[in-house]
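>>> What shape does this take:
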Amino acid sequence: MTLQQIIDDSNRIVFFGGAGVSTESGIPDFRSVDGLYNQKYDYPPEEILSHTFFREHTEYFYNFYRNKMLFLSAAPNPAHRKLAQLESEGRLTAVVTQNIDGLHQKAGSKTVYELHGSVHRNYCTKCGAFYSAEFILNSSGIPKCEKCGGIIKPDVVLYEEGLDSETVNGAVNAISNADCLIVAGTSLAVYPAAGFIRYFSGNHFVLINRDPTSADKLAELVIHENVGTVLDKINVVKH
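A predicted model of the protein is given here:
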């Protein structure tokens, strides 16, 4: 079956996406040749983006975070827009994403489970006051709460931190009840998020990724192309 036929045959589609969904919006991924992990820094990016590093080297963390993690001018690409359309037509029940850029919501998606949090939510570690991503980007040094002076922390899941249980439960429930799971733009190398596909027991499992993954052999359809290019060709027919 083609992707168009699979989508036409499905009523409860869940999309599970990784960094490859946002690269077409100009946001670099982590693991490709020109990705974040192959650039040179004073510390490995995995270390900088850890809970311990945030606590012990907060200013260095924020210098890196502002330069490499905040892409507030990025716009949704055809993949984000098509998924929002599928949801509005009642075909797609949820987006489960490993991305923290908020582009799915920017495109109009309503039910989005952000496994790794979002750059658009930032909270004071003392009083819990909310701050926008723009506030973080325009701050210098260590951003401090205007109400109590506490250090502000992005609501993103750093290394050594656990995933939010409510988000996990929502994502697992959506995947468990899906009749079609489209996994796209992810190497399926990051756990526990990559393990979520084992909760799927529906009819159609599709994998869209530029490079082969460990789950290719499990999929009914494997497409080695850019996600936006593939989804842009899909015609959305309301059931």
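
>>> Return the residues in contact with Leu92.
Residues counted as contacts of Leu92 (CB atoms under 8 Å, 6 or more residues apart in numbering) are Ile13, Val14, Phe15, Leu83, Leu86. In this view, the C-beta of every residue, glycine as well, is placed from N, C-alpha and C.

>>> Tell me the one of those nearest Leu163?
Using CB to CB, Val14 comes nearest to Leu163 of the contacts of Leu92, at 17.1 Å.

>>> helices or strands next to the longest strand along the chain in the packing?
In the chain, assigned by DSSP state E, the strand with the most residues is strand 117-124. Packing contacts for strand 117-124, counted by 3 or more CB pairs under 8 Å, 6 or more residues apart in numbering; DSSP states H and E, involve strand 130-131, helix 133-138, strand 152-156.

>>> Next, format these as a markdown table and append mean neighbour count and mean pLDDT.
Shown next, in a markdown table, are the helices and strands packed on strand 117-124 (neighbours: other CB atoms under 10 Å; pLDDT from 0 to 100):
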| stretch | mean neighbour count | mean pLDDT |
| --- | --- | --- |
| strand 130-131 | 16 | 98 |
| helix 133-138 | 15 | 98 |
| strand 152-156 | 20 | 98 |
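
>>> Next, format the ones you listed as a markdown table and append distance to Asn209.
Formatted as a markdown table, the helices and strands packed on strand 117-124 follow (distance: least, CB to CB, whole Å):
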| stretch | distance to Asn209 |
| --- | --- |
| strand 130-131 | 34 |
| helix 133-138 | 28 |
| strand 152-156 | 23 |
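
>>> So which of those is nearest Pro44?
strand 152-156 (17.4 Å).

>>> distance between stretch 173-181 and the chain's centre?
18 Å (CA atoms, centre = their mean, to the nearest Å).
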